[in-house]
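> what follows is a predicted protein model with its sequence.
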Amino acid sequence: MFNVKNKTMPNRQSNVVTITKLRKEEYEVIEEGQIVKRYTIFATCSDNRTRRCHLWRYEGNQKEFAYKLLDAMNNKSSVRFIAFGGFSADNWFGNIEIVEKYVPNDLDIALAEAFKDLDSLA
């Protein structure tokens, strides 16, 4: 879904975050004698990292992808960024995954309760 040079490297995923701000940079390049516009999308996230995507490398519908990002930001959806070609998902992305809100189960609650006194010792 994303054109990278080294397709043998693993895909990487970010921690779950929300998108707090989106912006784009537009610039022109000459390609086969024609001036072509290219876009880079910057997503600032709840973990205070800004991730970027060179939109011209996205092999799907670029407009739909841009709206998917905008909807995720407007809905304050929890997302996981996916970087391809071995790149760090803390800096780059080629797709996002919408993550359902996490609801702790009984084991999570029991472990949190059991270890809460240890947290106060730190």
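Here it is on my side, so go on.
> quick check: Gln13 touching Arg80?
Yes - the pair formed by Gln13 and Arg80 meets the contact definition of CB atoms under 8 Å, at 5.2 Å. No exception for glycine: its C-beta is placed from N, CA and C like everyone else's.
> so who does the residue nearest to Trp56 when sequence neighbours are not counted touch?
Leaving aside its sequence neighbours, Trp56 sits nearest to Arg38 (CB to CB, 6 or more residues apart in numbering; 4.8 Å). With contacts defined as CB atoms under 8 Å, 6 or more residues apart in numbering, the neighbours of Arg38 are 26-29, 54-56.
> need the helices for the chain, in chain order.
62-74, 106-121 (DSSP state H).
> can I get the ones you listed in a markdown table with mean pLDDT?
Below are the helices of the chain laid out as a markdown table (pLDDT from 0 to 100):
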| stretch | mean pLDDT |
| --- | --- |
| helix 62-74 | 94 |
| helix 106-121 | 71 |
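> of these, which is nearest Asp90?
Comparing these by their distance to Asp90 (CB to CB), the top pick is helix 62-74, with 16.9 Å.
> which other residues reach that closest one?
Where contact means CB under 8 Å, 6+ apart, the residues beyond helix 62-74 that reach it are 18-22, 41, 43, 55-56, 58, 77, 79, 95-96, 98.
> in this structure, where is pLDDT below threshold?
Counting by pLDDT under 70, the chain has low-confidence residues at 1-7, 102-104, 117-122.
> list the contacts of the residue sitting nearest the centre point of the chain.
When CA atoms, centre = their mean is applied to the chain, the residue found nearest the centroid is Phe81 (2.6 Å). For Phe81, the contact set (CB under 8 Å, 6+ apart) comprises 13-14, 17, 43, 45, 51, 89, 93, 95-96.
> so how far is Glu32 from it?
Noted for Phe81: a distance of 32 Å to Glu32, by CB to CB, to the nearest Å.
> before we move on, what about Trp56?
Look at Trp56 and Glu32: by CB to CB, they are 14 Å apart.
> please apply the same query to Ala114.
From Ala114 across to Glu32, the span is 64 Å (CB to CB).
> cool, and Ile41?
When distance is defined by CB to CB, Ile41 is 24 Å away from Glu32.
> no further queries at this time; thank you.
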